[in-house]
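Chemist: One predicted model, sequence on top.
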Amino acid sequence: MNARATYFAATKAYQKGQYLAALEDLNRLLDIACDAKNYVLLAKTLIALKMPAEAAQSYESAARISSKKADEYYLRAMELYLEAGDEDRALLASKNLVLEAHQNPDIAFVLATIFQRRGETELLVGLRKPLIDSSDLRHLSLGLNLSHLGPDRDDSRRAYAKAVKLAPERHDLRFGYLQLLREICDFDKIRATTAKFGRGLESRDPNLFAHEQPFSSLVWCPDEEINSYCLAGTKPISPWMAQKRRAMPHDWCDQKIRVGYLSSDFWSKHATMKLLGDVLRRHDRSRYEVTLFCHTPSEFVAFNDIDRSQWGEIVPVGSLSDVQIAEVIRKRNIDILIDLKGHTRDNRCSVLNHAAAPIQVAWLGYPGSTLGIDLDYVIGDRFVLPDSSRSYYHEKFCRLPDAYQPNDPFSRPYPKEVSRRALGLPDEAFIFASFNQSQKVSAQMIALWSSILGRSPDSVLWLMTMGQETNDNLLKEFESHGVGAERIFFAQKIDYAQHIDRQACADLALDTFPYNGHTTTSDSLWGGLPVLTCKGTNFASRVSESLLNAIGLDGLVAQDPTDYVETAVELCARPDLLAKYREQIRQSRFMQPLFDSDRFCRHLESAFETMVERARAKIQPDHFDVPPLPKRSHPFASVCDQGMVTQLSDP
């Protein structure tokens, strides 16, 4: 039988579903004619026989022969290698198509899938746009999962709107869409989109909430039980994972504890370092070896204006996969690995699922249980982590005695006096303020603030500007509650030092909930501005209470939303009472623990010592409270004169 006849025989057998017969014909055919069409038919036959890796090889052979359809065949080979789990061969095949990856969503999909699995974040840049521009739901879903790479949030919203229309049954897409709508305060669309969940939200259906991202849940939901259901993008961890990690051989050092911090925020202008910087500097180097595993983007490192080595040894890991980062950490014999990000943007917390260190701890960046990540402890305090929350965490509680949040007084310039007129604010009005991010400003908050403004004549509200679209949405919602635009002022984004200065122009800061101000609240207190908050029911909603107690202002913690409104109205009408709180801040800023970074560091090191003692003794992690140090003189007492700093120099 000649080549032509053999090809038709193989084709006929394939069409009839006689795949083994087709395979026999094709094996004979390829001995005499290596045409591209023969390899394509062989690939299709192997796919039918559920042999994707072999089919991929056939498509590669066809690509090497064909000049017209080589790209098409290499793409099919990539897809099949990915299906077969052979990522390395898929990447080899992609070398012939790499120049098209930023325009072709099919190529981008294969590459992005592999790079995402490997945690190779930097290689994902540029692959997201073709995915979210596609009308294929697979492409859209993956592109939206990479939303942290896309600076254009408008593109993301359009992509989510498109995806929700294509797949209205996909709850994960609707939850993601809601998160972006919250960022622009589009309350009409938020209400309409939320309504499409039906009764699932009211019934607290775990199967529904499992489709939501953990961080997104914290923004709007104060219920710790519901927060614990939100596993989208994570996998439940098994107890054996931690047991196996803890049982691994480890070379402990008798002289020093080796602490590693993992973050993408190691640059001076980031909010995290304005909190943490001085604590890192104050670690006792005779007893602690400090390493920063840094995946900070290079463009942010370029903005850094201090010597980062004073924080610890910098080990860049941004270009490495999760597995490779874990290997680097193990080779350095890190005793305690602190993840500073959790489920927040640009995190690499999944590194901890590769047995990076014998003790693994969550702290500071994520206000909740870091679901799906192998952790021993979460660091908090008695306010953010009360005993009643234990059942909602897989981590054991390590509670510091004052506040879980460190504060670096050297990274914050001491506030200088600024006039209201210079900021375009009315001189005589009572000014309420909120400098929190837009996603924290819910319809409930606007209703409460409207009630406060309605009962407080000659008062205005000063908000952080969010962009024109967001500002317009906010004004529209206020107007629905009878508050005119003339009573809302927007604070422009300015230099950090200028922001600290201007806060004292307000009379009272109104906190948001269920997601409080965190660095925002401590910035306000540093700037001399009292902050009114409300008791919360999860970590994110208890942070301001923690900070206010650490500076001796527990009287500014309302018991519930009704009390929050009543207290705000009273403080507006009682300038004497408000003056008392301002004086307390002035006196307490350098007397209470909140801004005492040295005291904080000693408490943190005490926590580390307890963790290491237990681990070395083969005792399983358990909840513990760090005992407070004896009362002592605040390190800044010598540079304060009636609350005014005369000198602040780095230690």
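Modeler: Received the coordinates, thanks. Residues are numbered from 1 along each chain as shown.
Chemist: all helices of the stretch 101-250 of the chain, in order?
Modeler: With DSSP state H, counting those that start in this stretch as the criterion, the stretch 101-250 of the chain has helices at 105-118, 128-132, 137-145, 153-166, 171-183, 187-195, 206-209, 214-220, 224-227, 239-247.
Chemist: now those as a markdown table including mean neighbour count and mean pLDDT?
Modeler: (C-beta placed from N, C-alpha, C; glycine too.) Below are the helices of the stretch 101-250 of the chain laid out as a markdown table (neighbours: other CB atoms under 10 Å; pLDDT from 0 to 100):
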| stretch | mean neighbour count | mean pLDDT |
| --- | --- | --- |
| helix 105-118 | 21 | 92 |
| helix 128-132 | 23 | 92 |
| helix 137-145 | 20 | 91 |
| helix 153-166 | 18 | 91 |
| helix 171-183 | 21 | 94 |
| helix 187-195 | 15 | 95 |
| helix 206-209 | 16 | 94 |
| helix 214-220 | 22 | 96 |
| helix 224-227 | 19 | 96 |
| helix 239-247 | 13 | 94 |
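Chemist: quick one: which of those is nearest Ser286?
Modeler: Of all those, helix 239-247 sits nearest to Ser286, with 27.5 Å by CB to CB.
Chemist: quick one: contacts of the closest one?
Modeler: Around helix 239-247, the neighbours that count as contacts under CB atoms under 8 Å, 6 or more residues apart in numbering are 353, 355, 358, 360, 374, 376, 615, 620.
Chemist: nearest to Val328, of those residues?
Modeler: Nearest to Val328 among the contacts of helix 239-247, with distances taken as CB to CB, is Ala355, at 12.8 Å.
Chemist: isn't that closest one right up against Ala326?
Modeler: Yes. Contact status for Ala355 versus Ala326: in contact at 6.5 Å, counting by CB atoms under 8 Å.
Chemist: Please identify which of those two sits among more neighbours.
Modeler: More neighbours surround Ala326 than the other of Ala355 and Ala326, with 23 against 20 (other CB atoms under 10 Å).
Chemist: just checking, that one touches Val351?
Modeler: Yes. If you go by CB under 8 Å, Ala326 and Val351 touch, sitting 5.4 Å apart.
Chemist: can you list the domains in the protein?
Modeler: The chain breaks down by automatic domain parsing into domains covering 3-149, 250-406+597-651, 421-589.
Chemist: could those domains be laid out in CSV, adding distance to Arg157?
Modeler: Converted to CSV, these look like this (distance: least, CB to CB, whole Å):
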stretch, distance to Arg157
domain 3-149, 10
domain 250-406+597-651, 17
domain 421-589, 10
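Chemist: between those, which gets nearest to His211?
Modeler: domain 3-149 (11.9 Å).
Chemist: name the helices or strands packed onto the helix or strand containing Phe478?
Modeler: According to DSSP states H and E, Phe478 maps onto helix 468-480. Contact here means 3 or more CB pairs under 8 Å, 6 or more residues apart in numbering; DSSP states H and E; on that basis helix 468-480 packs against helix 187-195, helix 443-454, strand 488-491.
Chemist: all strands in the stretch 451-600 of the chain, in order from the N-terminus.
Modeler: According to DSSP state E, counting those that start in this stretch, the stretch 451-600 of the chain carries its strands in the segments 459-464, 488-491, 508-510, 531-534, 557-558.
Chemist: Any chance of JSON lines for these, columns mean pLDDT and mean neighbour count?
Modeler: Output for these, formatted as JSON lines (pLDDT from 0 to 100; neighbours: other CB atoms under 10 Å):
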{"stretch": "strand 459-464", "mean pLDDT": "98", "mean neighbour count": "21"}
{"stretch": "strand 488-491", "mean pLDDT": "97", "mean neighbour count": "19"}
{"stretch": "strand 508-510", "mean pLDDT": "98", "mean neighbour count": "26"}
{"stretch": "strand 531-534", "mean pLDDT": "98", "mean neighbour count": "26"}
{"stretch": "strand 557-558", "mean pLDDT": "98", "mean neighbour count": "22"}
